[in-house]
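Undergrad: just a sequence and a predicted model for now, questions to come.
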Amino acid sequence: MTECRAADHPAPDSDAGRAWNLPDEAATAALGVRLASALDEGLVLYLHGPLGAGKTSFARALLGASGVGERIKSPTYSLVEGYAAGARPAWHLDLYRIADPGELEWLGLDALSDPAALVLVEWPERGRGALPPADLELHLAYADGGRSAVLQAITPRGARLLQRLR
Ligand SMILES: Nc1ncnc2c1ncn2[C@@H]1O[C@H](COP(=O)(O)OP(=O)(O)OP(=O)(O)O)[C@@H](O)[C@H]1O
Ligand SMILES: [Mg+2]
């Protein structure tokens with residue numbers, strides 16, 4: 001497994017959030033792998049950050065390390081891609097091209113509500129009301145040529161996962 005070179009920093013609120021510096025793409029991927037290692041139940045993760053912040057890089061690493069064997073495409077055009085992450089259903093959404101959450105109705109997103117599912121959503125604010133609520137939110141930002149990341153727990157399930165994250 002890739003060693004994570006991201007530096008740990010105490011988050012502003014250590015009960016609900018943790019922060020990292022991600023100097024390069026390998027560090028982004030390594031954090032995704034670490035999160036996958038800590039997963040032992042379903043998860044809804046919202047991925048926030050501007051264009052090019054590393055949301056897909058993180059999602060690819062997380063899905064790959066969760067047991068998705070096939071190539072992980074960017075869902076920029078398809079909006080949603082479905083996978084099997086071992087025994088767990090996994091969904092990767094990119095809602096950048098959605099102007100109104102109502103546009104998501106035809107996608108039949110009921111499957112996302114399976115409590116066992118791993119659900120990763122880029123640009124989740126564009127699907128507000130049509131998505132299951134987040135357990136955990138990742139905030140990526142540009143910083144010093146690399147990126148900064150904050151993981152924030154929203155639900156008890158998200159908080160348990162954050163606590164298990166090594
Ligand atoms: N920590 C990092 N430092 C520098 N570059 C990074 C880092 N993490 C990812 N990148 C690079 O940033 C670029 C954009 O990554 P990615 O496509 O994952 O962004 P995104 O947030 O999904 O963008 P979009 O909003 O367009 O979907 C890629 O070239 C990737 O290699
Ligand atoms: Mg992306």
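TA: That came through, no problem. Ligands and ions are numbered 1, 2, ... in the order given.
Undergrad: am I right that Gly32 falls within a strand?
TA: No. Applying DSSP: H, G, I helix; E, B strand; the rest coil, one finds Gly32 to be helix, outside a strand.
Undergrad: buried ones in stretch 46-62, by neighbour count?
TA: Buried residues in stretch 46-62, defined by neighbour count with 16 or more other C-beta atoms under 10 Å: 46-49, 53-62. To be clear about C-beta, it is placed using only N, CA and C from the backbone, and glycine gets the same treatment.
Undergrad: how far off centre is that stretch?
TA: 7 Å (C-alpha atoms, centre = their mean, to the nearest Å).
Undergrad: next one: stretch 22-34
TA: For stretch 22-34, the distance to the chain centre is 12 Å (C-alpha atoms, centre = their mean).
Undergrad: which residue does this structure have closest to ligand 2?
TA: Closest contact between the chain and ligand 2, by C-beta to the ion, is at Thr56 (3.3 Å).
Undergrad: which residue packs closest to Val119, ignoring adjacent ones?
TA: With sequence-adjacent residues excluded and distances taken as C-beta to C-beta, 6 or more residues apart in numbering, Val119 is closest to Val44, at 4.5 Å.
Undergrad: who's in contact with the helix or strand containing the one you found?
TA: Here Val44, judged by DSSP states H and E, is contained in strand 43-48. Outside strand 43-48, the residues within contact range by C-beta atoms under 8 Å, 6 or more residues apart in numbering are 35, 55, 58-59, 62, 112, 117-122, 124-125, 131-140, 157-158, 161.
Undergrad: on contacts alone, who are the packing partners of the strand or helix carrying Ala36?
TA: In this assignment (DSSP H and E), Ala36 forms part of helix 25-38. Other helices and strands packing on helix 25-38, by 3 or more C-beta pairs under 8 Å, 6 or more residues apart in numbering; DSSP states H and E, are strand 17-22, helix 55-65, strand 146-153, helix 156-164.
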